[in-house]
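> the following block contains a protein sequence and its predicted model.
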Amino acid sequence: MAIGLIILSLFTVVLALILRFSFLVINGRRSISKAVGFFHPYTNDGGGGERVLWCAVRALQEENPDLNCVVYTGDHDATPQSLIGRALDRFGVKLLFPPNVVHLHKRKWIEETTYPRFTMIGQSLGSIYLAWEALCNFTPSYYFDTSGYAFTYPLARMFGCKVICYTHYPTISTDMLSRVRHRNLMYNNDALITKSIWLSWCKLFYYTLFSWMYGFVGSFAHLAMVNSTWTQSHIEKLWGISDCIKRVYPPCDTSGLQVLPLKRPAENPVIISVAQFRPEKAHSLQLEAFSAATKRLDSTMPKPKLQFVGSCRNSLDEERLQVLKEKAMELNVDKQVEFYKNLTYRDLVGRLASAVAGIHSMTDEHFGISVVEYMAAGAIPIAHNSAGPKMDIVLEEDGQKTGFLACTIDEYADAILAILRMSEMERLKMAAAARTRARRFSEQRFYEDFKAAVRPILCHTSK
């Protein structure tokens, strides 16, 4: 513990020296523009984080039309017109006017492939370098992080910016520490670590040290918006700025999806899975559960389909998608499984309109926009029994069950079978209750809560 405190102290001193040097370099020549700069290096990731970005841009355009909105992105083909078109085509969000774009050329410093080991600390320190590039190119009055790069906050403060963030999930959490301590196997805690007491101890030390660093840099935020009860509890513990933390549920297209009819085709019932093709989304578990469920179906029942809808950020995601296709063949369900990559928003709505159920399997999903979208669209959710889905979303509505929570392959298979075996009346009753609950997470609710949270900062009230 003493060693850890020494290392943390050294980190603090080094960071302070970096910030002091930064101040000396930029002081006297720094020109702060009346603008808000959105630090979002991946504007083509296609996930819930990107939806939050565009809804946040729109909300600020409505709240203060005179405030220029600038997006820092590492996507070199991004232009103001392409981004305003992407917001509309992919997410149905109509911006009032195109955001300006600042291109980042050092994005490799935050890519996971750059850091085969010590990925968290590598990406976090790399984000400081990327933010330096961003802020040197354009210094806004408000620095808005929508991607979770808390290590950039002290630097933004040194550039004279008010720091606002929307935190989807903590970079590290007490749950992660607990898994390492108990040597639980997971995508971010592989077998090599879990089988070794020594390596587990070393990783626990590393995680503990990183959590101290994360708490230190996070405390530099003037306003931290969080997306769920689970995220809020962790951020409050780690950052220690409870008065500056506001819970703002992410924007879900409940209004557009709620106009879809609740009745679904009886032949070949569809189960949909909407998520980026990332390791934490645990698509393999869904395939195995679907395979187990189909083996237990009565021969007289129609064969269901499983449709994967998601986006690929890079070549690693493409490889994961290919592995999933091969696994479907191994499980002998490839004829019942379909894959749809990078669909437009309109096509996604079409898929949701025909689904009787939606499946989600990420452990400690901070919120779960896709789960809300299932419910709003009339697809009964089968979500992981943890974090956002458990604490905020898949709860009873007026005493009526709104979906299923599961952890293991067998539990997911049981939930799939329960939905497929429901009578039409039972399914419609649960789907209607789920749709009612989904209204709590509408885009309109996001706009109202978001504006209320940022208004004091825009009025230049101090921390």
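Sure thing, it's come through.
> can you say which helix or strand has the most far-flung residue of the chain relative to its centre in it?
Distance from the centre of the chain peaks at residue 300, with 40.1 Å (Cα atoms, centre = their mean). According to DSSP states H and E, residue 300 maps onto no helix or strand at all.
> okay but residue 43 is in contact with residue 72, surely?
No: with contact defined as Cβ atoms under 8 Å, residue 43 does not count as touching residue 72 (9.2 Å). To be clear about C-beta, it is placed using only N, CA and C from the backbone, and glycine gets the same treatment.
> against residue 421, how distant is the residue farthest from the centre of the chain?
11 Å (Cβ to Cβ, to the nearest Å).
> what's the helix or strand containing residue 155 packed up against?
Using DSSP H and E, the element containing residue 155 is helix 153-158. The helices and strands touching helix 153-158, judged by 3 or more Cβ pairs under 8 Å, 6 or more residues apart in numbering; DSSP states H and E, are helix 2-26, helix 119-137, strand 140-145, strand 162-167, helix 197-218.
> ok so, going back, phi and psi next, for the residue farthest from the centre of the chain.
phi -80, psi -10 (degrees, to the nearest 10).
> and it, how far is that from residue 235?
Separation of residue 300 from residue 235 (Cβ to Cβ) stands at 51 Å.
> least reliable of the helices and strands packed on helix 153-158 going by mean pLDDT?
Mean pLDDT is lowest for helix 2-26 out of the helices and strands packed on helix 153-158, coming in at a mean of 50.
> now the angle from the following helix or strand past that helix to helix 119-137?
Toward the C-terminus, helix 2-26 is succeeded by strand 33-39 as the next helix or strand (DSSP H and E). For strand 33-39 against helix 119-137, the angle between stretch directions is 160 degrees (axes from the mean of the first three to the mean of the last three Cα atoms, to 10 degrees).
> quick one, strands of the stretch 351-463 of the chain?
355-359, 380-384, 404-406 (DSSP state E, counting those that start in this stretch).
> can I get the ones you listed in CSV including mean neighbour count, distance to residue 36 and mean pLDDT?
Supplementary listing: the strands of the stretch 351-463 of the chain in CSV, determined by neighbours: other Cβ atoms under 10 Å; distance: least, Cβ to Cβ, whole Å; pLDDT from 0 to 100:
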stretch, mean neighbour count, distance to residue 36, mean pLDDT
strand 355-359, 27, 34, 98
strand 380-384, 28, 34, 98
strand 404-406, 20, 38, 98
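> for those strands, which one sits closest to residue 284?
The closest approach between residue 284 and any of the strands of the stretch 351-463 of the chain, judged by Cβ to Cβ, belongs to strand 355-359 at 12.4 Å.
> C-alpha coordinates for that closest one, CSV please?
The C-alpha trace of strand 355-359 is given here as CSV (Å, rounded to 0.1, in the frame of the first residue of the first chain):
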residue,chain,number,x,y,z
ALA,A,355,-39.0,-9.2,-33.3
VAL,A,356,-40.9,-10.9,-30.5
ALA,A,357,-37.9,-10.6,-28.2
GLY,A,358,-34.6,-8.8,-27.9
ILE,A,359,-31.5,-10.3,-26.2
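> neighbouring contacts of that strand?
264, 269-274, 286, 289-290, 306-307, 352, 370-371, 373-375, 377, 379-383, 412, 416, 419-420, 427 (Cβ atoms under 8 Å, 6 or more residues apart in numbering).
> what lines up beside that strand in the sheet?
Partners of strand 355-359 in the sheet, by DSSP bridges, are strand 270-274 (parallel), strand 380-384 (parallel).
> rebuild the ones you listed as a markdown table, extending it with distance to residue 52.
A markdown table is the format used below for the strands paired with strand 355-359 (distance: least, Cβ to Cβ, whole Å):
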| stretch | distance to residue 52 |
| --- | --- |
| strand 270-274 | 16 |
| strand 380-384 | 19 |
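> can you say which of the ones you listed is nearest to residue 205?
Here strand 380-384 is closest among the strands paired with strand 355-359 (Cβ to Cβ), at 28.7 Å.
> low pLDDT regions in the stretch 151-300 of the chain?
Low-confidence segments of the stretch 151-300 of the chain (pLDDT under 70): 175, 177-196, 198-200.
> picking up where we left off before, quick one: the strands of the stretch 351-463 of the chain as JSON lines, columns for distance to residue 393 too.
Listed next are those as JSON lines, based on distance: least, Cβ to Cβ, whole Å:
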{"stretch": "strand 355-359", "distance to residue 393": "12"}
{"stretch": "strand 380-384", "distance to residue 393": "7"}
{"stretch": "strand 404-406", "distance to residue 393": "10"}
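> compare the ones you listed and give me the one nearest residue 433.
strand 380-384 (9.7 Å).
> ok, and what's touching the closest one?
With Cβ under 8 Å, 6+ apart as the test, strand 380-384 has contacts from 271, 282, 356-365, 368, 371, 374-375, 389-390, 393-394, 402-407, 412, 415-416, 419, 427, 430-431, 434.
> alpha carbons of it, as PDB, please.
What follows is strand 380-384, C-alpha atoms only, in PDB (Å, rounded to 0.1, in the frame of the first residue of the first chain):
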ATOM      1  CA  ILE A 380     -39.700  -8.500 -24.900                       C
ATOM      2  CA  PRO A 381     -36.200  -8.000 -23.400                       C
ATOM      3  CA  ILE A 382     -33.900 -10.800 -22.200                       C
ATOM      4  CA  ALA A 383     -31.100  -8.800 -20.500                       C
ATOM      5  CA  HIS A 384     -28.200  -9.500 -18.200                       C
END
